[in-house]
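S.K.: this one's sequence-less:
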């Protein structure tokens, strides 16, 4: 096996001592622009992951934590005013929502391309994360609130995965209600060999819908 190191998770630890590299401009909408915009937003992303509790949803995080990140950014970067504060912190919140989704997918549910082993934690990849809330975070993902967030992350993929499942399981098209379709897609798992999403035997057997899927044909409810 090659000893060549793979590119790891960005840590943005470089001190910005060059004025030409620290200047950040914003357009009239408050969006970062110019040659340093990409580096600046990458830095914001890492700072959010470092300082915002990953075990809490966006609306439950104290807004001051994001405001403190903006104030710190003004110390590190050459930012002339607060024109970009709202857009930048809004992007930071979006980054955290996606980050929480990725933590669940890679380290808890082991979805799709994750090569993580059962029980593996993210602290080797993200050595700046606080490990104390991890157990509580893992326990929380089975709550109704977190499962609803899982559906939000799944939403962009529902149509394509559903079409693939229907082509694989002939009787699956008996499920018609959008909520039932969403639930069915959430139960599918990617086969790493065939690269196709599959349903477990407790959901479909010999082409016949069983268990939850049989119920979803006639009952239009979200079961989480």
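M.R.: Sure thing, it's come through. Only a predicted model underlies this, so the values are computations on that prediction, with no experimental measurement involved.
S.K.: if I look at residue 50, how far off is residue 80?
M.R.: To residue 80, residue 50 is 25 Å away according to Cβ to Cβ, to the nearest Å. In this view, the C-beta of every residue, glycine as well, is placed from N, C-alpha and C.
S.K.: who has more neighbours, those two?
M.R.: residue 50 (15 against 11; other Cβ atoms under 10 Å).
S.K.: sec struct for the more buried one, please.
M.R.: Three-state call for residue 50 (DSSP: H, G, I helix; E, B strand; the rest coil): helix.
S.K.: Surely it and residue 99 touch.
M.R.: No - with contacts counted by Cβ atoms under 8 Å, residue 50 stays clear of residue 99, the gap being 11.0 Å.
S.K.: What is the single longest helix found in the chain packed up against?
M.R.: For the chain, the helix with the greatest residue count under DSSP state H is helix 85-103. Secondary-structure packing of helix 85-103 (3 or more Cβ pairs under 8 Å, 6 or more residues apart in numbering; DSSP states H and E): helix 37-51, helix 63-76, helix 144-154.
S.K.: Mind putting those helices into a markdown table with mean pLDDT?
M.R.: Output for those, formatted as a markdown table (pLDDT from 0 to 100):
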| stretch | mean pLDDT |
| --- | --- |
| helix 37-51 | 94 |
| helix 63-76 | 95 |
| helix 144-154 | 58 |
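S.K.: how about those in TSV, adding distance to residue 126?
M.R.: Below are these laid out as TSV (distance: least, Cβ to Cβ, whole Å):
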stretch	distance to residue 126
helix 37-51	7
helix 63-76	17
helix 144-154	18
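S.K.: Just say which of those is most tucked in.
M.R.: Of all the helices and strands packed on helix 85-103, helix 37-51 has the most neighbours on average by mean count of other Cβ atoms under 10 Å, namely a mean of 18.
S.K.: Figure out how far it is from the centre of its chain.
M.R.: With Cα atoms, centre = their mean, to the nearest Å as the basis, helix 37-51 stands 16 Å off its chain's centre.
S.K.: Next: stretch 184-192.
M.R.: Distance of stretch 184-192 from its chain centroid, counting by Cα atoms, centre = their mean, is 17 Å.
S.K.: Give me the buried positions along it.
M.R.: 184-188 (16 or more other Cβ atoms under 10 Å).
S.K.: Let's test this: mean pLDDT of that stretch, rounded?
M.R.: Across stretch 184-192, pLDDT averages out at 84.
S.K.: how near is residue 197 to residue 204?
M.R.: Using Cβ to Cβ, one obtains 12 Å as the distance from residue 197 to residue 204.
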